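Student: just coords:
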């Protein structure tokens, strides 16, 4: 009788016990993570590089197209200015001359703006800006000091020799700072010349390139001259 009761108890409680054990023993495995192989990573980088290169080519094509339009406009403006100058020379009426001069002024301004736009787009800089020094904002203290500076220099017994050295250093720093802009402009124009097939644009770019090369030669000569004079002044001190 006792044995029968034990068997019944085992039959009643055993399913629950084994179910609990089975539930506790199940381990939840994490989902496998996808790993990119070296070839997949390289392929992704290749696609990215191709996209960048495609954008660069597209930008270059757009730049050349814009420059071609500006170069044609420049030629048209120059032709119109030449015609107006001819009419101006032939006109005897003062009122007519006044009208022609007003038209000529507008065309010359348009030509100047167009030329500057071509310089900025093709070279990345305006060649006329290399010779012009920036005008600083008015500063009362600096102005007052500039008025007192000569007297202060005399009081300190500053010699002409020291002033010359300062001038040459300033000159060297100024022209050395302009040289990188010139080098970049020449590189940009040469790159555009290598890509364009527009005859009008080619003529314009070649003219620009000659001007920038001359500007580079001038800057290098100024740097060399300033260095030589500065060396002479420093050697004179020894």
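Tutor: Received it, and whenever you're ready, just let me know what you need. Keep in mind it's a predicted model, so treat the numbers as computed, not measured. Residues are numbered from 1 along each chain as shown.

Student: every contact and neighbour count from this point should use C-alpha atoms.
Tutor: OK.

Student: what average pLDDT does stretch 198-218 get?
Tutor: Here stretch 198-218 scores 92 as its mean pLDDT.

Student: which residues touch that stretch?
Tutor: Stretch 198-218 has contacts (C-alpha atoms under 8 Å, 6 or more residues apart in numbering) with 67-68, 71-72, 119, 122, 127, 179, 182-183, 185-186, 189-190, 192-193, 196.

Student: for it, buried residues please.
Tutor: 200-202, 204-205, 208-209, 212, 215-216 (16 or more other C-alpha atoms under 10 Å).

Student: filter the contacts of stretch 198-218 down to the ones in helices?
Tutor: Of the contacts of stretch 198-218, the ones assigned to helices by DSSP state H are 67-68, 71-72, 119, 122, 179, 182-183, 185-186, 189-190, 192-193.

Student: rewinding a little: hmm, which two among the buried residues of stretch 198-218 are most spread apart?
Tutor: For these, the farthest-apart pair by C-alpha to C-alpha is 200 and 216; their separation is 24.6 Å.

Student: and for residue 222, the neighbour number?
Tutor: As a burial measure, residue 222 scores 17 neighbours (other C-alpha atoms under 10 Å).

Student: residues contacting it?
Tutor: Residues near residue 222 by C-alpha under 8 Å, 6+ apart: 172, 175.

Student: how close does it get to residue 236?
Tutor: Distance, residue 222 to residue 236, using C-alpha to C-alpha, to the nearest Å: 21 Å.

Student: residue 66 too?
Tutor: Residue 66 is 55 Å from residue 236, by C-alpha to C-alpha.

Student: over to residue 179?
Tutor: Residue 179 sits at a distance of 29 Å from residue 236 (criterion: C-alpha to C-alpha).

Student: neighbour-wise, which of the two wins?
Tutor: Between residue 179 and residue 236, counted using other C-alpha under 10 Å, the more crowded position is residue 179 (19 against 9).

Student: residue 219 is in contact with that one, correct?
Tutor: Yes: assessed by C-alpha atoms under 8 Å, residue 179 is found in contact with residue 219 at 6.5 Å.

Student: where does pLDDT dip in this protein?
Tutor: Residue ranges of the chain with pLDDT under 70: 1-58, 126-141, 143-148, 150-161, 238.

Student: strands of that one, start to end?
Tutor: Applying DSSP state E to the chain gives no strands.

Student: which residue ranges form the helices in this structure?
Tutor: For the chain, helices defined by DSSP H occupy the ranges 2-25, 38-90, 94-123, 140-155, 160-195, 199-237.

Student: now stretch 224-238: buried residues?
Tutor: 226-227, 230, 233.

Student: would you turn the residues you listed into a markdown table with distance to residue 163?
Tutor: Shown next, in a markdown table, are these (distance: C-alpha to C-alpha, whole Å):
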| residue | distance to residue 163 |
| --- | --- |
| 226 | 14 |
| 227 | 15 |
| 230 | 11 |
| 233 | 11 |
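
Student: quick one: which of the residues you listed is nearest residue 109?
Tutor: Of all these, residue 226 has the smallest distance to residue 109: 36.5 Å, by C-alpha to C-alpha.

Student: check contacts around residue 124.
Tutor: Contacts here follow C-alpha under 8 Å, 6+ apart; on that basis residue 124 touches 184-185, 188.

Student: again, 7 Å this time
Tutor: If a contact means C-alpha atoms under 7 Å, 6 or more residues apart in numbering, then residue 124 has residue 185 as its contacts.

Student: re earlier: save the buried residues of stretch 198-218 as JSON lines, and put in distance to residue 84 too.
Tutor: Listed next are those as JSON lines, based on distance: C-alpha to C-alpha, whole Å:
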{"residue": "200", "distance to residue 84": "23"}
{"residue": "201", "distance to residue 84": "24"}
{"residue": "202", "distance to residue 84": "27"}
{"residue": "204", "distance to residue 84": "23"}
{"residue": "205", "distance to residue 84": "26"}
{"residue": "208", "distance to residue 84": "26"}
{"residue": "209", "distance to residue 84": "29"}
{"residue": "212", "distance to residue 84": "30"}
{"residue": "215", "distance to residue 84": "32"}
{"residue": "216", "distance to residue 84": "35"}
